[in-house]
Structures are given as structure tokens and as C-alpha cells.
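Undergrad: no sequence on this one, just coordinates:
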């Protein structure tokens, strides 16, 4: 039987190598490829993705998994061995449900849709995108049908990003969140606005980079296993647990590229601390989009926007960017924690961000179920922006055309952003229970205890358990927005004073 | 029948995509990968190379090639169609000759041998490398046996780099070359040494990079399709005809990194100007190592060390590197054309370089045939250094351990360096016949006519013809060292004056 397991491990390794090579093709495309290489690169990626997909749906894998049922039962659920069989069976069965032709059509439609989205933005014309969205929605409905009768047609889409999670798990979380956030934001709009003028100016790119790497080195970035490159839309990826790639976009007139580094570090450290025993298997990665986001948001927000952290980092920032020499730390800290409703999701603050997400989640569910017609999408989007954030998008680019997610068939992804926020505070509270006062540690420049705790309690498991199981294990219960809401209330009190925080 | 050809084209495309992805894995490893990624990267490369090799030796390819015999005969020899069938048959038959196990053993031994070479250098101890060389030589002999009886056992090794070329083609070329060069170098040693002290100093890396890119932009480098990165050992590669990657190593105390750019540009422009109709086939690449080297050496030496060229570029160099402000152009030009026997091949000048190559070629043939025992290799190496260059290597690192080529089984590669030099001048003379006075064009900053001529007469064919056929077509005859020797004599006369040039 052991021989069969070795065969499974070998096949897993082969798939992994192909997928990682494909990942490098994408990373290179986003960081440095001359634009002329785009056409050939699309072919190269398509070929490697096809080779991986063929292996995922192969009879060889089906037979191995069948023959390993006894082996799996004989091994502890948490063991690497049982976990590998279990997770590969899940991935295999999911991949087999979708006919190869439909899979190919979805990939192609995503590529065409994305191009149409770019064009629709350039021409500020929703009708350019509309036929692609019609097509995408139809393909996604056919995709959902592959999985048989569902409690909610949204379930298989959510499952692509949050294995094992149901729409019925998300709904109550978002209802609670919305109920808490809408009045919170209304109170913020009544309060004296925070002055964040210190965050505008001229910030040399070299200094921003030096500072960002210096900060991340305090957290665990190490040039022996990490690398930071420039890109348009920041992301993190990994080609091994010992080869972590962060990307960011430093711009001369604001510090968004520095904040992006803090965020991407959280993704990177998750991949970095997966157990080496899982290397070259599909387990060697973060378990879900929301769990990954919980880690990036933790380092960006809970660590990266804390006053204690900046007591350590601010003198270095002042040294690198002399504009801050005369700005008191508290002024800077309030500025990076400013809360104010704004139009663009990716530029939103910690509090309002979630309403951007929730409105998109609600809309994509209505689109899928057919209760909202695509032709009415722009109006529905604007109506929710008014209801939740009190804002009227002045144009399509700052309205319904701001995100690419629907043009490339990414239905089901949006909720993971806010679920990540929620989970981040649940995990944070457990860490604090175990480790004592984290803020006090940060003030002494000590971030290692938190990092190591996350490695021990979250990261090392990789994809062994489902997202829900991982939350249960690390947070001691199911997803619960209460700690996150309480955290945001404390933050508002810190930044705006008692009037807002008490609301 | 057309359907079969389409199948061949599709298989060629798939192999190409895999090989290019593998190429990117290597490029990334050499340019920016964090060192921690090395182990996983070796696995990824091995997997992709195996996937490509499996396709090269597959029954599917064998059957397609068999079924396409009639198709091939019905198409013109020079057509893309007949060429693709012909070249894929050559590659397939060659790959099939070698048992999969031997292939894998050679790959593994190369990796182990390279590590041993690094260690032998660090410890300055030939005995560390000796057992690996024994093993490598045995594997190479077994490899040669796969191809049946040969006129010379060296032929199959040479054929790996120069398809269709025989050892008996190389011998007379090198005999003539050696006969001309040995007295030439003896005369140089009698002459007043050239003062190249202006080439030493402090040269900021940014300025070197700006200058190098500026120069290459005059030649045809374009950021839409090219990219320049840092590395340890400069090389060029391509992931499409529209995605050319050059690498170099700028160092603060000399201009070797700038010269490397000029050299790598020649490799890059070859790949850049392959016909787009050959894209995603094994024809979309330079035809052989020597043909590639002929292009890199042409841009490095014939264009890049010419006085006419520097009349255009030198003012910019003086602007970027003020150290040259007071150095006359003629002094700089003589310095970059200095000829003087030296110990290390990779740092050798244009004239003496070839003797470094020839002595290695002679030695590796003796090793293969068994007339030289590996234990005697260091002494044999030193003896030839004395005979040909009049120098005594003071240690192993500047002696027999200076090159990695034998440690990683690269027997057969060395001669291509000098064959490239020889071919470069043959092609150059044809270009000059067609285009008139090239130097006069360079003085006006015009390099486009030469570049386009090379595209038309050499580059666009890719691998359609053998190296020998390509030389015949472009130079109008077989490989002939006479034009190269005459060129070197002219150069020596220019640099040293009549006494040396006339020898």
C-alpha cells in the first residue's frame, strides 16, 4: 500500500512543479515581462494549466485514490498522509465534475471578458461589457449545475475559494456586520474629519523601498528566502516555502506601496511557514482565500496600523522621508487610521471597506439567482452605494466598472475579503490570550512571538483542514464577527474620541 | 495529410511551451531567485525537462513523422513545413538513441559534477573533481556508443552543439588558426604593451547600465520586447521572438559588464529576428552554438570594438563616466583592443582567446579517445598554456579548474567559441559586400542596415538549415579561417603599428 502512496506523492509533486512553473510565468508577466511577450506567454500558461488539469482529472489519479481508501482510514486524520489523500480526493472530484470543454470555455471567456472590461473602462461604456457578463453568468450557471442540486446556487462558487463553506455560513456574518457598520459610519460622517494631509507629498521611491524592506525584516522577511518586486496590482506568491515573492507599487505622491508591502507580507509569511513536510504537494499552500486574507489584514492592520508598532518604525520613516520630521507620531498614526466613506473599494479604509464588499456579495448573488437583471446592474450598484456609504458614484469607472472580478468570472471571491477581516481578529484574540500583551511586545520591536504563534497554530497546516476547520482550531469556534466589530469600535474611539466609538 | 501536419504543429507548440517555461525557471534562478528556492527549483526544472523529453521520444511523434514523409517530400526543402518535419525528425531520432536511464544519469552526474567543481575550486584540490570527471567521461563514452560506429568518437558530442558538423571539419580550421596565431602572439609579446590604465577606476553601476541600454537602443534594443537584468555569469535567452532577455554583471571597478551587454545583444538580436512564422516550433531559435556565437562576437568585436562605432558612443560614455573626460578616444579605443596573453579564458582578448579554446578542444579529444589520462590533466593543461601562450598557471583556479564545462559533461562545447569568431568575419565580409562601407555607416550612427541584413540572411531562418548549410548560404562557402586571420592582422596593425601586424 505504501507503494501506492509513494505514487500519489510523485504525481502530486509533478502537478505541483507544473503549477509552480505556471505561477512563475504569471509572476514574470506581472513584474517584468516586456509587453511584446504577452501573446506567447498566454500560450505557455494555457499549456501548463492544461497539463496540470489533465493530471487532476486523470484515471491514474482516480485509481490511486480508490486504492488508498484503506490507507487513508488507517492513518490519523491530521497526519500528512491521510490529509494528502483527503485533499487530493476533494480536488480531483471537484475537477472531474466539470467537463473539459466547459473548463476551457470558462478560461477563454475570462480572458475575453477581462479585455472587454478594460475597453469598457476606457470608453466609460457599460454596454461594451454587458454581453460578456451575460455569457459569463450563463457559463457560471452551467458550472454550478455540474455539482448537482444545491441549497444555494452560490455555494459551488464560494467553495472554489473557501472549501467547505456554505452561503448560509456567510449570510449571518454579513448581516451582523452590516447592522454594526452602517450606524458606525453614519457617526463618523458627523464627526470632525481626521487631517491626513501629512500623507501627501513627494516620497522618493528608493526611500520607500528601503523603509518597507527594513520594516519587513523586523517581521521575518529575509533575502535568503524572500524577494520584493514592482508591479501594477500588488500581490504575493510563492514557488516554494523557501521562495516567497512579494510585489508592490511604490508611487511618488503617497505611501500606498508601503502599506501594500505590510499587507503582502502577511500573505508571504503564511506560505513561508507551511510545514516543509508538505512541500511539493497541494497541501503546501494557504487553505483558503479568506484565511489568507486574515493573515495579510492582520499584518497590515492589527500590527501595521497600531500605535505601538509605529513607536518602533516611525523614527526610521522620519529618517528616510524627512517630510515627517516635524509631524508628531500621533498625527501620523491618526492619518493612517482615517475613516471616511469613499468611492473605490481598493482605496477604502478598514471600516468602510466591508460595506464595499457586502454590497458586491449581495449583488452577485442576485445576479446568479436571476432576481437582478444585468442591464440593471449599474443602477443597483449605485443604489447600494447610496444606502450603505451615502455616496453617489459620479461615473462608471468609480462605480460598477471599478473591479475586474465579474468580467473574468470571479463570482464568489468578494466575500472572502471581509471574511478575512473577521477571522483576523478572532485569531488575534487567541494569540493575545496565549502570548499576553502584543502591543507591549511590538513597542519593544518584538514581533517574533506573534509570527511564531501563527506558524504553530495556522500556517504549518497548509491545506490539511478546511477553512472552517482551521478557524475552529485556531479561533476555538465558528466565524464570528463580534470580536471584529468590537475591534473597529475601539479603533474609532482611539481615532475620533468617545462620541463615535460609543455609537 | 494537412491534419497530421497540424497535429505535429500542435505537439511542437506544446513542447515549445514546456521548454520555454523551463527556460524561465532557469532565467529566474540566475537573475533573482532567493537562494532558498534552489532545491525546489531543481525539482521544477527536472519535471519540465522530463515532460519535454517524453514528448520528444514519444511514439505519437514517431508515428506523425512517419505519416508525414510524403508531405515533407511534396514541400519545398526551404519551406517552413518541410523544415519543421525535417528538424523534428532529426531531434526525435537523436533523442530516441539515448536510453531514458542514461539521459537521467547524465543530468544527475552533471549536477553532482558541477557541485564538485565548486568544491574543488574552493579547496584548490583537483582530486575532489577527479572521480566525477572519471564518471562523466564514462557516461559520455556510453552516450557516444548510442550513435553507433563513428569516424571520430567526438562527432556525436560536437553534433549536440553544431548539428551536422564533424570533427574532421573542425581540425583543419583550428590547425590553420593555430599556425597563424602562435607567431602573432609571439610578436605581440615583443612589442610595447598597450596602456589600458584608463579602463580601471570607479564606475557607478547606474551610469554603466544607462550607457549600455543607450548603446543597445542604437542597435535595436527596445523595452517593448527586450529586458536587461543582473546575474553572475552573463547570458542571453528568449521566451518568444518578442521577449528577449539579456543579462550582465556590472561591477564598479571595470567595464566588463558593458562589454558583456554588447556581446549578449548579438545573441538577443538573433532570437529577436527569427521569422514569426516559426514561433512556437523548435525552429524558432538560433541554429547552433557557433552560429549564435558568430552573432554575439560580431556585435561585441566587429561592431563594438571599432573606432567608427566609438566615434558615436564615446561622447555619451564621457558624459556618464566623467573619468573619461580627459582620455582621448584613440587611447580608449586602443585600451579596449589591447592584446596580451593572460591566464583566464573568459577575460582573454580577441586574439589570444582562440588559443585558450584550441588547447581545450585538443585536450578533451585526447581525454575522450583515452590518449590522455585524467590524472595527467592538470599537467597537460599547463604544458599547453606554456606552448601556446607562454604562461605558467600559478594555481589550479587559474589553471585547469577555471572552466565548469567538463564537470557538467559539456564536452564538445569549447570549439564553438572559436568557430563563432571565424564565422563572424566570413559573414561580416558578405554583409560588407552587399552594404558597402559599414564603418562609414557606423560613424553616422547607422547600425540598422547591418542588423536588417543579418535578419534577412541569417536570423529569420532560425533552425531551418544546419549550421554548415547556414554558413554556406550566408558566407558563400564552408567555414574558412582566412578572413578571420586577416581581420586580426589588420587589428594588430591598427593597435600596435606595422611591426606586429606584418608578422
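TA: Yep, that arrived. Worth saying up front: this structure is predicted, and the values here are computed from it rather than measured.
Undergrad: contacting residues around residue A:448?
TA: residue A:220 (CB atoms under 8 Å, 6 or more residues apart in numbering or on different chains). In short, each C-beta sits where N, CA and C put it, glycine included.
Undergrad: how close does it sit to residue A:116?
TA: Going from residue A:448 to residue A:116 by CB to CB, to the nearest Å gives 47 Å.
Undergrad: what about the nearest residue to residue A:125 once chain neighbours are set aside, how many neighbours?
TA: Excluding the flanking residues, the one nearest residue A:125 by CB to CB, 6 or more residues apart in numbering or on different chains is residue A:396, at 7.7 Å. Residues lying near residue A:396 (other CB atoms under 10 Å in any protein chain shown) number 19.
Undergrad: then the one 5 residues further on?
TA: Using other CB under 10 Å, residue A:401 has 24 neighbouring residues.
Undergrad: pull the contacting residues for residue A:178.
TA: Applying CB under 8 Å, 6+ apart, the residues contacting residue A:178 are A:355, A:358, A:388.
Undergrad: check the gap between the residue positioned nearest the centre of chain A and residue A:458 for me.
TA: Nearest to the geometric centre of chain A sits residue A:293, at 4.0 Å (CA atoms, centre = their mean). Distance, residue A:293 to residue A:458, using CB to CB: 13 Å.
Undergrad: what's the burial count for the residue nearest to residue A:68 when sequence neighbours are not counted?
TA: Computed as CB to CB, 6+ apart, the closest residue to residue A:68 that is not its neighbour in sequence is residue A:85, at 5.0 Å. Here the count is done by other CB under 10 Å, and residue A:85 has 22 residues near it.
Undergrad: so how far is the helix or strand encompassing residue A:185 off the chain centroid?
TA: Per DSSP states H and E, residue A:185 falls inside helix A:167-190. On the basis of CA atoms, centre = their mean, to the nearest Å, helix A:167-190 sits 20 Å off its chain's mean C-alpha point.
Undergrad: ditto for stretch A:102-119
TA: 21 Å.
Undergrad: go on, stretch A:312-323?
TA: 29 Å.
Undergrad: and it, what's buried?
TA: A:312-314, A:317-318, A:320-321 (16 or more other CB atoms under 10 Å in any protein chain shown).
Undergrad: if you average pLDDT over that stretch, what comes out?
TA: Summarised as a single mean, pLDDT over stretch A:312-323 is 97.
Undergrad: pLDDT weak spots in the stretch 151-300 of chain A?
TA: Of all residues in the stretch 151-300 of chain A, none has pLDDT under 70.
Undergrad: can you point out the buried residues in the helix holding residue A:185?
TA: Judged by neighbour count using 16+ other CB under 10 Å, the buried positions of helix A:167-190 are A:167, A:169-171, A:173-174, A:176-178, A:180-181, A:184-185, A:187-188.
Undergrad: which one of those residues sits closest to residue B:3?
TA: residue A:167 (47.2 Å; CB to CB).
Undergrad: quick check: closest non-adjacent residue to that closest one.
TA: Using CB to CB, 6+ apart, the nearest residue to residue A:167 is residue A:152, at 4.1 Å.
Undergrad: what do you get for residue A:268?
TA: residue A:244 (4.4 Å).
Undergrad: can you tell me what sits against the helix or strand harbouring that neighbour?
TA: Counting by DSSP H and E, the element that carries residue A:244 is strand A:243-248. Here strand A:243-248 makes contact (CB under 8 Å, 6+ apart) with A:27, A:30-31, A:212, A:216, A:221, A:225-231, A:234-239, A:257-258, A:260-261, A:264-265, A:267-268, A:271-272, B:33-34, B:36-37, B:40-41.
Undergrad: pull up the gap between residue A:54 and residue A:15, please.
TA: Where residue A:15 is concerned, residue A:54 sits at a distance of 10 Å (CB to CB).
Undergrad: neighbour count for those two, which is higher?
TA: A count of neighbours by other CB under 10 Å puts residue A:15 above the other of residue A:54 and residue A:15, at 24 against 14.
Undergrad: any idea which helix or strand carries the more buried one?
TA: Assigned by DSSP H and E, residue A:15 falls in helix A:2-31.
Undergrad: helices or strands up against that helix?
TA: helix A:38-56, helix A:59-67, helix A:69-74, helix A:80-97, strand A:236-240, strand A:243-248, helix B:2-31, helix B:38-56 (3 or more CB pairs under 8 Å, 6 or more residues apart in numbering or on different chains; DSSP states H and E).
Undergrad: nearest to residue B:307, out of those?
TA: helix B:2-31 (33.7 Å).
Undergrad: what mean pLDDT does that closest one get?
TA: Across helix B:2-31, the per-residue pLDDT values average to 96.
Undergrad: quick one: that helix to chain centroid distance?
TA: 22 Å.
Undergrad: now the angle from it to helix B:59-67?
TA: Interaxial angle, helix B:2-31 versus helix B:59-67 (axes from the mean of the first three to the mean of the last three CA atoms, to 10 degrees): 130 degrees.
Undergrad: mind listing what's buried in helix B:2-31?
TA: Those would be B:4-5, B:7-9, B:11-25, B:27-31, for helix B:2-31 by 16+ other CB under 10 Å.
Undergrad: do the same with stretch A:237-253
TA: Those would be A:237-248, A:250, for stretch A:237-253 by 16+ other CB under 10 Å.
Undergrad: now do stretch A:467-486
TA: A:467-468, A:470-471, A:474-475, A:479-481, A:483-485.
Undergrad: pull the distance from it to the chain's centre.
TA: 17 Å.
Undergrad: what of stretch A:332-344?
TA: For stretch A:332-344, the distance to the chain centre is 20 Å (CA atoms, centre = their mean).
Undergrad: residue of the stretch 301-450 of chain A nearest chain B, please.
TA: When scored by CB to the nearest CB, the stretch 301-450 of chain A has residue A:448 as its residue closest to chain B, at 18.8 Å.
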